[in-house]
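> model the structure of this input:
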Amino acid sequence: MSMRKRIGLAAISLAILATPALAGSIDFYHDKSNWQDAFTGVLAKPEAGAEVKVVPYPDTSTYQAAVRASLRTPSAPGIFTWWSGYRMKDLVDAGLVADVSPLWKKYTDAGLYNPSLASAYTFNGKIYGIPDLVAYWVVFYNKKVFDKYQLTPPKSWADLEKIAATLKQNKVTPFGATVQGRWPSFIWFEELLVRQDPALYDKLMNGQAKYTDPGVKQVFDTWKGWIDKGYFTDPSITFGTGGADETAGAFAKGNLAMILVGTWYASNLTGAGLSNDDIGAFIMPNEKDGMGPAVIFETGPLLLAASSAQKDDAMKVADYWMSAKAQQAWVDAQDFPPVNKDVKAKSALICCVQTFGERLNRSRFRIDS
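All right, here's what the predicted structure looks like:
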């Protein structure tokens with residue numbers, strides 16, 4: 001071999017060694033269309049550890065079918081959004097999702113995450129999810145409307161009913177409520193039940209009580225009474241996680257005064273033209289005297305497919321997702337309560353709501369989301 005050829009080959013070898021290894025790529029599936037830009041903004045970073053293709057699905061039923069069909073194959077997405085509780089347990093029991101306990105150990109050992117949060121994703125001593133969403137369910141209220149009618153957040157059930165009556169008398173709808181999209185129909189039932197009998201709520205959710213039990217029937221009686229008084233919006237009003245949101249629009253215009261919903265909804269309200277200074281929040285008071293304080297919270301996980309050919313790169317992305325840098329970007333994009341302790345809330349409103357939930361500590365009831 002000539003000296004020229006040897007020099008040429010050596011140069012090529014050095015060039016290859018000097019070129020950074022290309023990152024892998026993963027698919028990130030979700031069914032939350034209005035979060036697409038936020039997911040992409042957080043994950044389209046070199047620090048993510050891999051190139052992430054964020055794939056939205058238009059509706060939940062299509063999404064669940066697509067994910068379940070892929071999970072036993074190498075073509076399964078590296079990471080996907082899912083629900084905590086029983087729907088997550090089904091996937092864990094079938095061996096379809098990866099154990100992420102080492103990630104949790106890394107961040108809890110550093111004091112950055114509350115270990116109790118992992119309980120929502122823990123089965124048989126192993127952790128199978130990382131937090132996508134942690135939200136407290138509160139009543140958002142329009143401060144300008146409350147000020148106009150000299151109203152203040154209620155301290156008792158009687159206060160709440162007086163507020164509703166005053167608003168109705170002045171042709172302002174007190175509460176937003178809808179069955180549009182089906183899923184929002186659970187909101188008022190669960191909240192009214194927790195305000196009447198938290199122990200019964202727990203029993204009902206765990207199959208230890210019936211929907212025909214007297215305490216459950218009382219919830220429907222209370223609910224019907226408020227419907228008959230005209231305290232709720234038209235049940236066909238659009239609301240929530242995708243497309244037009246007539247509920248947020250009515251709230252912004254002052255035609256609707258209060259919305260019972262998770263803290264994730266704050267971005268919908270600001271998106272409708274309100275500032276954080278226009279919006280207040282309170283935890284609904286108990287209907288019965290003598291009960292301790294309580295708040296409903298939800299947590300939705302990100303899961304890693306155990307059979308995916310992308311699993312190793314997905315684990316790198318999951319590690320990045322739990323980092324302070326990624327979580328700060330996520331909180332800034334969505335105005336969610338922070339879960340990483342090095343991350344600051346975007347707004348004073350969410351910081352205040354987060355404090356509500358933390359003060360209640362064990363007096364919390366989780367919904368699967």
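
> outline the domain layout of the protein.
Following automatic domain parsing, the chain resolves into domains at 23-134+298-344, 135-296.

> could I get the ones you listed in TSV, plus columns for mean neighbour count?
The way it works is simple: take the backbone N, C-alpha and C, and place the C-beta from them, glycine included. Formatted as TSV, the domains of the chain follow (neighbours: other CB atoms under 10 Å):
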stretch	mean neighbour count
domain 23-134+298-344	18
domain 135-296	17
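
> I'd like these laid out as JSON lines, including mean pLDDT and distance to residue 350.
Output for these, formatted as JSON lines (pLDDT from 0 to 100; distance: least, CB to CB, whole Å):
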{"stretch": "domain 23-134+298-344", "mean pLDDT": "94", "distance to residue 350": "6"}
{"stretch": "domain 135-296", "mean pLDDT": "93", "distance to residue 350": "6"}
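
> for residue 216, phi and psi?
phi -70, psi -40 (degrees, to the nearest 10).

> for the stretch 201-350 of the chain, which segments count as strands?
256-262, 279-282, 295-304 (DSSP state E, counting those that start in this stretch).

> make a markdown table out of these and add distance to residue 170.
Below are those laid out as a markdown table (distance: least, CB to CB, whole Å):
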| stretch | distance to residue 170 |
| --- | --- |
| strand 256-262 | 10 |
| strand 279-282 | 18 |
| strand 295-304 | 29 |
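
> mind checking which of those strands is nearest residue 237?
Minimum separation from residue 237 across the strands of the stretch 201-350 of the chain (CB to CB) falls at strand 256-262, 8.9 Å.

> partners of that closest one in the sheet?
strand 130-142 (antiparallel), strand 173-176 (parallel) (DSSP bridges).

> would you turn those into CSV with distance to residue 347?
Output for the strands paired with strand 256-262, formatted as CSV (distance: least, CB to CB, whole Å):
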stretch, distance to residue 347
strand 130-142, 12
strand 173-176, 21
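
> for residue 55, which of the strands of the stretch 201-350 of the chain is the nearest?
Of all those, strand 295-304 comes closest under CB to CB, at 13.6 Å.

> the closest one packs against which elements?
Counting contacts by 3 or more CB pairs under 8 Å, 6 or more residues apart in numbering; DSSP states H and E, strand 295-304 packs against strand 79-81, helix 86-93, strand 130-142, helix 186-196, helix 311-322, helix 348-360, strand 364-368.

> residue contacts, the residue sitting nearest the centre point of the chain?
Residue closest to the average C-alpha location in the chain (CA atoms, centre = their mean): residue 133, at 3.5 Å. Residue 133 is in contact with 264, 298-300, 336, 369, counting by CB atoms under 8 Å, 6 or more residues apart in numbering.

> can we see that at 10 Å?
Each residue near residue 133 by CB atoms under 10 Å, 6 or more residues apart in numbering is listed here: 32, 35, 81, 84, 262-264, 298-302, 330, 334, 336-337, 339, 369.

> re earlier: for residue 204, which of the strands of the stretch 201-350 of the chain is the nearest?
Of all the strands of the stretch 201-350 of the chain, strand 295-304 sits nearest to residue 204, with 13.5 Å by CB to CB.

> and that closest one, which strands flank it?
Using DSSP bridges, the strands paired with strand 295-304 are strand 79-81 (antiparallel), strand 130-142 (antiparallel), strand 364-368 (parallel).

> what's the closest of the helices and strands packed on strand 295-304 to residue 285?
helix 186-196 (7.3 Å).

> export that closest one to CSV, keeping only CA atoms.
The C-alpha coordinates for helix 186-196 follow below in CSV (Å, rounded to 0.1, in the frame of the first residue of the first chain):
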residue,chain,number,x,y,z
PHE,A,186,-67.8,12.4,36.2
ILE,A,187,-66.7,15.7,37.6
TRP,A,188,-69.6,16.9,39.6
PHE,A,189,-70.6,13.4,40.8
GLU,A,190,-67.3,12.7,42.4
GLU,A,191,-66.9,16.2,43.9
LEU,A,192,-70.3,16.2,45.5
LEU,A,193,-69.7,12.7,46.9
VAL,A,194,-66.4,13.7,48.4
ARG,A,195,-68.1,16.8,50.0
GLN,A,196,-70.8,14.5,51.5
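
> mind checking how far the residue nearest to the centre of the chain is from residue 332?
Residue 133 sits 15 Å away from residue 332, taking CB to CB, to the nearest Å as the criterion.

> again, but for residue 285
The gap separating residue 285 from residue 332 is 32 Å, by CB to CB.

> could you do residue 126 as well?
Between residue 126 and residue 332 the computed distance is 32 Å (CB to CB).

> quick check: residue 83 vs residue 344, distance?
28 Å.

> wait, residue 79 sits on residue 302?
Yes: Residue 79 lies in contact with residue 302 (CB atoms under 10 Å); the separation is 5.4 Å.

> which neighbours do the two have in common?
By the contact definition CB under 10 Å, 6+ apart, residue 79 and residue 302 are jointly contacted by 28, 30, 130, 132, 314, 317-318, 321.

> hmm, back to that, among the helices and strands packed on strand 295-304, which is nearest residue 230?
helix 186-196 (14.8 Å).

> quick revisit: turn the strands paired with strand 295-304 into TSV, columns for distance to residue 270.
Below are these laid out as TSV (distance: least, CB to CB, whole Å):
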stretch	distance to residue 270
strand 79-81	23
strand 130-142	11
strand 364-368	24
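
> out of those, nearest to residue 70?
strand 79-81 (9.1 Å).

> chain center to the closest one: distance?
Relative to its parent chain, strand 79-81 has a centroid offset of 14 Å by CA atoms, centre = their mean, to the nearest Å.
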